[in-house]
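Asks: Mind looking at a prediction? Sequence and model below.
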Amino acid sequence: MTAAAPESALVPESAPTRRVAWASMVGTSLESFDFYLFAYFSAFFVGPLFFDPLGEFGATSAAFLTIALAFVVRPIGAVIFGYMGDRVGRRATLLWTVGIMGVATGLIGLLPTYAQAGWLGAVLLILLRIVQGLSLGGEWGGSILIATENSGPVKRAFYAAIPQLGSPVGSILSAAVFIVLTAVLPAEQIAEWGWRIPFLLAVPLLLVSLYLRWSISETPVFEGVVAEGRRDRIPFVTMFAKRPGAMAIAIGAALLGIGSYSLMNTYTVNYGVEQLGFSFQDLLVATTIGGLLQLVTIPLFGRWAARIGSARVVLWGALGTLLIAFPMYFLLQFATFPILVATMIVGGILPTMAWAALGGLMNDLFPDRFRYSALSFAYALAATISGFVPFLTLALGEATDYAWWHPGVILAIMSAVTLVSAWAAARRPVEPELATDPASATATATVTA
């Protein structure tokens with residue numbers, strides 16, 4: 001492979017670049033809203049509405065398993081949509097992922113309950129959760145690429161952080177819907193018909209997301225790959241054959257950013273209510289405040305990544321989280337509500353560093369011709385592993401009689417894995433963009449397979 005055209009010539013920095021980045025963020029916000037919405041409502045309404053004959057414990061367990069199911073199928077979605085993203089294009093694939101997620105979520109709001117149609121509603125719910133999980137498998141990698149491959153090299157790490165705002169935005173919106181609904185409707189009306197409203201809200205959000213993504217163009221990088229005839233026939237196989245080390249690094253680097261959210265917003269909320277005596281509302285408010293703070297810190301960490309490198313920001317975030325893992329959970333044993341909020345904020349900021357810079361780190365690890373598949377699969381596999389974090393933490397808590405340090409062990413392990421992965425990523429050279437801008441003159445790069 002000889003030298004390619006200067007990367008700065010590939011994609012000029014412009015207002016359309018910012019518009020593309022925000023369009024990618026709106027789509028990830030919808031995906032996150034749909035996914036977190038089901039998590040909030042599952043324990044309270046999904047079990048009684050769809051799995052009532054299983055009894056209280058069985059119905060709740062079945063509801064939680066529907067959450068896990070969507071995580072398990074995500075790698076399959078990553079393979080399917082990764083193939084589409086590397087063969088058909090980033091933009092077209094993202095239209096499919098957001099469309100599938102929005103439609104599936106809206107249909108959940110129309111399902112018949114067990115009282116209305118027996119087990120039919122439960123079967124359809126499971127099928128729709130599988131569809132949601134498949135969609136999520138292809139969403140994140142494409143959102144990162146549509147932002148980074150439309151930006152210049154100087155600000156690429158910053159624009160890679162913008163889609164990461166979708167997670168806190170989706171979390172805040174779903175929590176707000178839950179708070180408002182429970183405040184204005186009695187539990188009987190929510191169980192009767194009100195539970196459908198949040199899922200049906202996905203439809204107008206879907207229309208906005210589709211409009212924004214339809215209005216953007218394909219990335220110059222992918223157009224260059226097509227123009228040079230470098231599309232890989234089976235990108236899923238190639239990424240393991242050509243970059244096995246990078247795949248391992250990417251999965252490990254993603255673990256803290258995803259897993260800490262499962263630990264803090266799922267297990268810690270339940271732990272705080274059941275073991276520490278906090279009210280659910282207090283914990284929901286605390287996590288929402290943390291989510292609001294992420295709206296500020298994620299862009300700031302993105303700018304920092306543009307200055308010092310994405311891998312280094314992930315590394316510092318992992319190191320900081322490792323240092324505060326045990327002190328944070330020790331303080332929770334004695335926390336008043338203000339200390340609870342402060343603890344959740346501190347415990348959220350440092351993993352957010354690893355989350356904000358994750359897209360930039362992973363973008364730098366892989367060549368353009370199978371980058372969509374690599375990012376999607378690495379992220380999906382890390383998310384699948386993270387889906388078991390609440391269960392593993394609960395099991396450790398049960399085994400240790402809920403010793404104060406048991407969540408800290410899980411957080412410290414995830415931090416250490418991400419720390420080592422980020423260190424390894426920082427030592428690897430950034431993958432160059434081989435594709436030349438199709439709008440420019442004849443390609444100046446000669447590429448060999």
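Replies: Ah, there it is. Remember, it's a predicted structure, so these values are computed and weren't measured experimentally.
Asks: CA only for contacts and neighbour counts going forward, please
Replies: Noted.
Asks: List the buried residues for the helix or strand containing residue 245?
Replies: If you go by DSSP states H and E, residue 245 is part of helix 244-262. Neighbour-count burial for helix 244-262 flags 246-247, 249-262 (criterion: 16 or more other C-alpha atoms under 10 Å).
Asks: quick one: contacts of it?
Replies: For helix 244-262, the external contacting residues (C-alpha atoms under 8 Å, 6 or more residues apart in numbering) are 239-240, 314, 318, 351-352, 354-355, 358, 361-362, 365-366, 374-375, 378-379, 381-383, 385-387, 389-390, 411, 414-415, 417-419, 421-422, 424-425.
Asks: ok, now stretch 401-408?
Replies: So stretch 401-408 is contacted by 263, 275, 325, 326, 328, 329, 330, 333, 393, 396, 397, 400 (C-alpha under 8 Å, 6+ apart).
Asks: Under the pLDDT cut-off, which ranges of this structure? List them.
Replies: 1-16, 40, 42-44, 154, 433-449 (pLDDT under 70).
Asks: how deep is residue 173 tucked in, by neighbour count?
Replies: Counted with other C-alpha atoms under 10 Å, residues neighbouring residue 173 total 21.
Asks: quick one: contacts for it?
Replies: residue 33.
Asks: any idea how far it is from residue 179?
Replies: Distance, residue 173 to residue 179, using C-alpha to C-alpha, to the nearest Å: 10 Å.
Asks: can you check residue 379 too?
Replies: 30 Å.
Asks: could you flag which of the contacts of helix 244-262 are buried?
Replies: Neighbour counting over the contacts of helix 244-262 (16+ other C-alpha under 10 Å) leaves 239, 314, 318, 351-352, 354-355, 358, 361-362, 365-366, 374-375, 378-379, 381-383, 385-387, 389-390, 411, 414-415, 417-419, 421-422, 424-425 as the buried ones.
Asks: Keep only those of those residues that are in helices.
Replies: 239, 314, 318, 351-352, 354-355, 358, 361-362, 374-375, 378-379, 381-383, 385-386, 389-390, 411, 414-415, 417-419, 421-422, 424-425 (DSSP state H).
Asks: what about stretch 239-256, distance to the chain center?
Replies: In terms of C-alpha atoms, centre = their mean, to the nearest Å, the centre of stretch 239-256 is set 17 Å apart from its chain centre.
Asks: meant to ask about stretch 262-274
Replies: On the basis of C-alpha atoms, centre = their mean, stretch 262-274 sits 19 Å off its chain's mean C-alpha point.
Asks: Stretch 292-300 too?
Replies: Between the centre of stretch 292-300 and the centre of its chain there are 15 Å (C-alpha atoms, centre = their mean).
Asks: Ramachandran coordinates for residue 203?
Replies: In terms of degrees, to the nearest 10, the main-chain angles of residue 203 are phi -70, psi -50.
Asks: need the contact list for it.
Replies: Taking C-alpha under 8 Å, 6+ apart as the criterion, residue 203 is in contact with 102, 103, 106.
Asks: Same question for residue 330.
Replies: Counted by C-alpha under 8 Å, 6+ apart, residue 330 has contacts 404, 405.
Asks: let's go with 6 Å and repeat that
Replies: The contact partners of residue 330, by C-alpha atoms under 6 Å, 6 or more residues apart in numbering, come to residue 404.
Asks: Please apply the same query to residue 27.
Replies: residue 209.
Asks: Give me the distance between it and residue 381.
Replies: Distance of residue 27 to residue 381, computed by C-alpha to C-alpha: 21 Å.
Asks: what's the answer for residue 152, then?
Replies: Applying C-alpha to C-alpha to residue 152 and residue 381 gives a distance of 29 Å.
Asks: for residue 50, same thing?
Replies: From residue 50 across to residue 381, the span is 29 Å (C-alpha to C-alpha).
Asks: ditto for residue 331
Replies: Residue 331 sits 32 Å away from residue 381, going by C-alpha to C-alpha.
Asks: quick one on the thing from earlier: and the contacts of stretch 401-408, which are buried?
Replies: For these, a burial check counting by 16+ other C-alpha under 10 Å picks out 263, 325, 326, 328, 329, 330, 393, 396, 397.
Asks: Which of the helices or strands spans the fourth one?
Replies: Assigned by DSSP H and E, residue 328 falls within helix 310-332.
Asks: That helix: how far from the chain's middle?
Replies: That offset, for helix 310-332, works out to 19 Å (C-alpha atoms, centre = their mean).
Asks: Dump the C-alpha coordinates for that helix into CSV.
Replies: Extracted C-alpha coordinates of helix 310-332, given in CSV (Å, rounded to 0.1, in the frame of the first residue of the first chain):
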residue,chain,number,x,y,z
SER,A,310,-9.5,9.3,22.1
ALA,A,311,-7.6,6.4,23.6
ARG,A,312,-5.9,8.6,26.2
VAL,A,313,-9.2,10.0,27.3
VAL,A,314,-10.7,6.5,27.7
LEU,A,315,-7.6,5.5,29.6
TRP,A,316,-7.9,8.4,32.1
GLY,A,317,-11.6,7.8,32.5
ALA,A,318,-10.9,4.1,33.3
LEU,A,319,-8.1,4.9,35.7
GLY,A,320,-10.2,7.5,37.5
THR,A,321,-13.2,5.1,37.8
LEU,A,322,-10.9,2.4,39.2
LEU,A,323,-9.6,4.8,41.9
ILE,A,324,-13.1,5.8,43.1
ALA,A,325,-14.9,2.5,42.7
PHE,A,326,-14.7,1.4,46.3
PRO,A,327,-14.8,4.8,48.0
MET,A,328,-18.0,5.7,46.1
TYR,A,329,-19.9,2.6,47.3
PHE,A,330,-18.5,3.0,50.8
LEU,A,331,-20.0,6.5,51.0
LEU,A,332,-23.4,5.3,49.8
